[in-house]
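A.B. asks: Coordinates for the following, if possible.
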Amino acid sequence: MSAQTYKKKYEISPSGDLPDKMTIYQDCMNTFNESPVNAKRCRLLISRLLRLLANGDTFPQNEATALFFSISKLFQHQSDSLRQSVYLAIKELSGISEDVLMATSSIMKDVQNGSDLIKPNALRSLTYVLDESTAFSAERLLKSAVVSKNPSISSAALCTSYNLLPISDVTIKRFANETQEAIVDLKQFVLLDEASEFYPTSTFTTQYHALGLIYQLKRNDKMALLKLVNQFSSGNALKNQFAMVQLVKIVDDLIHRDTQLISNFETLLTSWLDSKYESVQLETAKLITSFATHHSHLVGNRLFSNAVSTLQTMLSTPRVTSRFAALRVLNRISMVSPEKIVVCNPELESLINDSNRNVSTYAITTLLKTGTAKNISSLISTITKFFHEVSDDFKIIIIDAVRTLSLNFPQEWKPILDFLTDVLKNSEGGFNYKNSIVEAIIEIVSFIPQAKELAMEQLCDFIEDCEFNEILVRVLHLLGKEGPHTSTPSLYVRHIYNRVVLENSIIRSAAVVALSKFALIKNNTPLAESVVGLLKRISDDEDDEVRDRATISLKFIDSAKKNPVGEELLHSKYTYDLSSLEKKLTSYMSSNSDAFKTPFDVTSIPKYTEDEVKAMELKKKQQSFNSSTEELGTKFTDEAEETGKRLDSATYHGANLDEHSKDLQSTKYIDELLSIEQFKEFGSLINSSKTFPLTETEAEFVVNGVKHLFKEHVVLQFNITNTLTDVALDNVAVVCSSEDQESSELKELFTIPVDRLLPSEESACYVAFKKPEGVVMESFLNNLTFTTRELNPDTKLPFDDDEGFQDEYEIDPLVLNAGDYIKSSFVGDFSASFDELPNENVAVYNVQESMSLQEVIDKLIVNTSCLALENTQYAQNETNQHTLKLFGKSALNGTKIALIVKIVKSKKGIALKAQGRGEDATLSSDLVNGLM
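C.D. replies: Below you'll find the predicted structure:
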């Protein structure tokens, strides 16, 4: 006979099924009110109830309240194991029940007179039933529990006190002394008899809980925290490793408040790096490396080297968690200072084949970030040995890291392209994997001109047997865009026409568009005529879409010979600002009331040349290189279809939500400006700056500025936010006055003030100036003027009889410099382009401010509005000199300008030598002489 026969009905439950909510409710209500109480049955029902709640089910408030009070009746039973279950249920139900305070007296009674087994549960339950008005009643009980000799009771009291801080901090602050005593008192479990040999030994977790609570009580007192660190860092005061980690975090907090304290803690941090606990070593190394990222001049080379050495040692430990944690820290260092962890390369290489996928992923990405121009070839050969043995998702991560290398070291494109070509042709994989390789090769084509033709030839070979339509279309578009400008365009025509002959209608349609772009080659008439002949043949295709595209292309080609509009349609020289275009189209579709008889106006949408588009893309990629990589896994096609993500989300490197919102904000400001009647006569907008702050973010009035340039006008936009909660501002305006009024070339025309600014509202004030043609540089002193009026708390509007009073608020100066007349532009060969420019200017600067090389570089890039090329936007931490290469073009007339800035840091400060060349001598001179 089965043992299950002897089990009672209520004890039988399939392990995978959730219990029925109504059945559990009825059983609980009946069983908990029985007399006498069946402790075993009650525990079983409570466990099922908790399982139900843990899986997301809940009860209406009236049923939850009834359950809560039924369970509280079980306090009458003396079974400790039942009481432990009761406290678990009370904690879960207290959030959805009413009148939970009624159970407070029973819980406090157990805290005072209960056994040591249930006291910790009772103490933890107090957090859920006490509020601000009743917390003081538990003060005496909590204070005595904190100093209890039983570590479980003491820890439970400390955790409860910690959780009660937001509710009643006044009560908890009264036993700060007892909390500090709990850190010092090493509490041990009491062995009741000789048979208790298996009783748990204390891990001194009480120290961790007490230290966390005392930190919260004294976090605003810097001197008290310093005293705390000095007291518990000496000797063997802390036995628990988590308490030691907490102490490291307190030091981290202190040195970020006062950066000069790092020198005082250097000896202590060095000793912690030699701790017997890996968690303490790791947290200390993380503190040192993270602080050095932002304050490299304050962290000594010896301390940083010790931290890296500790992490290097942890890479060889048998524990996977330790290796993974050390790799994460090293990966973050590699994003900022890869040269500092080159010593770890042997250990990183040994982890490439680690059995844990996350460890091996971090190892290879970190290793690739430490690559230099000298060791790229050896890194690539190391990767090639194991690349074909790993899964697709891991391969994609490696391809992305190699992709980063290709842009960081464009001069080393040959081994990188060879590697990408090899894995593209000789390895099997899914869409995401193949797409990531193709996108990496396309980036090489776009940003490394000397590699363009070879990379395109490799793509031509690949599409001969490619099975993915999306990738084929992408490659055909690239061949049609870049192929006509190569030395042998006929090669690409042959490969494109092969797709027309051999592929399906989707590919044939894309091939027709790509083919048509070769028909306008001006220096190769026979090829152009051959392409026209091919298109005529294709116009008899069996598919409607293919025929239509071929016919339309022939019409465009024919019209291009007579009218440049046809050529513009086939070979567009400009790209529209997509965020602005999207907004305008949405507005046009929703507001057009004349059945779309009025044509869509594209003249107000900003347009970018191909160089400007490449510059924006490269700038985004440069910024993404410095961001941390927290997500290792990649979700692929099936999950993408379920969540609505892009199919190529694993390899897509477009704008993220933050970047898109910034683009939309800039578009919004421009649209608001151009919609104002006074500015319509100014003509087309030439350039707009990024938004920049003119006040602190914590100020009473937060002001951000934007500079707008027209051909003969300048408009300064001030976005003003009222952070005061009980005051409205009327007639808000900004008074701009030139620092040198006698020599000013700008003439103020008018100011458009903000009529009323209510609390938390943002609105824009505009100041317009007339300027002569060309580059005009000016510095403005700015004052915010307004009338303050008190608000009626009922209507949230100013009182009618309150006339208010005039006031003003000084904001930061604003500078109109040569960089505002420049747009970022991309060029493949910087040195050749620099040598070709005619007008040269040289200027020397000496920066006395306490700035790092990287801060100077960032400031130069912002001031010039140029694009940093050849990976010169980052300076190595250990070097004292750097060369920055910048390229841009005039927003007024499109003339090119290039800068080479040599920066040397010494004890006296930072010296700069700027050498600029440009097609416009005036702009070049103004930019070089107004850098800092």
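
A.B. asks: CA atoms for contacts and neighbours, from now on please.
C.D. replies: OK.

A.B. asks: Buried residues, stretch 724-734. List them.
C.D. replies: 727, 728, 729, 730, 731, 732, 733, 734 (16 or more other C-alpha atoms under 10 Å).

A.B. asks: Could you pull up the contacting residues of the first one?
C.D. replies: Residue 727 makes contact with 758, 759, 788, 789, 790, 791, 798, according to C-alpha atoms under 8 Å, 6 or more residues apart in numbering.

A.B. asks: Identify those among the residues you listed that sit within strands.
C.D. replies: Secondary structure assignment by DSSP state E places 788, 789, 790 of the contacts of residue 727 in strands.

A.B. asks: Check the gap between the nearest residue to the second one once chain neighbours are set aside and residue 285 for me.
C.D. replies: In space, residue 789 comes closest to residue 804 once its chain neighbours are excluded; the distance is 4.6 Å by C-alpha to C-alpha, 6 or more residues apart in numbering. Separation of residue 804 from residue 285 (C-alpha to C-alpha, to the nearest Å): 57 Å.

A.B. asks: for residue 920, same thing?
C.D. replies: Distance, residue 920 to residue 285, using C-alpha to C-alpha: 51 Å.

A.B. asks: When the two are compared, which one has more neighbours?
C.D. replies: It is residue 285, of residue 920 and residue 285, that has more neighbours when counted by other C-alpha atoms under 10 Å, with 28 against 19.

A.B. asks: name the element the more buried one belongs to?
C.D. replies: Element membership for residue 285 (DSSP states H and E) is helix 278-294.

A.B. asks: okay, now the domains of the chain?
C.D. replies: The chain breaks down into these domains under automatic domain parsing: 1-98, 100-218, 220-292, 490-572, 581-622, 682-816, 820-929.

A.B. asks: now the buried residues of stretch 724-734 in CSV, with pLDDT, distance to residue 41 and secondary structure?
C.D. replies: Below are those laid out as CSV (pLDDT from 0 to 100; distance: C-alpha to C-alpha, whole Å; DSSP: H, G, I helix; E, B strand; the rest coil):
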residue, pLDDT, distance to residue 41, secondary structure
727, 87, 63, strand
728, 88, 65, strand
729, 90, 68, strand
730, 91, 71, strand
731, 91, 74, strand
732, 92, 72, strand
733, 92, 75, strand
734, 92, 76, strand
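
A.B. asks: wait, is residue 814 part of a strand?
C.D. replies: Yes - checked against DSSP: H, G, I helix; E, B strand; the rest coil, residue 814 lies within a strand.

A.B. asks: wait, what's in contact with it?
C.D. replies: 694, 779, 780, 781, 782.

A.B. asks: Between all of the residues you listed, which two are separated the most?
C.D. replies: Pairwise distances across those peak at 13.6 Å for 694 and 779 (criterion: C-alpha to C-alpha).

A.B. asks: Spit out the residues that contact those two alike.
C.D. replies: 813, 814.

A.B. asks: where do the strands sit along the stretch 551-700 of the chain?
C.D. replies: All strands of the stretch 551-700 of the chain, identified by DSSP state E, counting those that start in this stretch, fall at 574-576, 607-609, 687-688, 692-693.

A.B. asks: just checking, next helix/strand downstream of the last one?
C.D. replies: Going back to what we said before, that points to strand 692-693. Assigned by DSSP H and E, the successor of strand 692-693 is strand 701-709.

A.B. asks: Counting by contacts, list what the helix or strand that comes right after that next one packs against.
C.D. replies: Scanning forward in sequence from strand 701-709 by DSSP H and E, the next helix or strand is strand 713-722. Strand 713-722 sits against strand 701-709, strand 727-738, strand 762-770, with contacts defined as 3 or more C-alpha pairs under 8 Å, 6 or more residues apart in numbering; DSSP states H and E.
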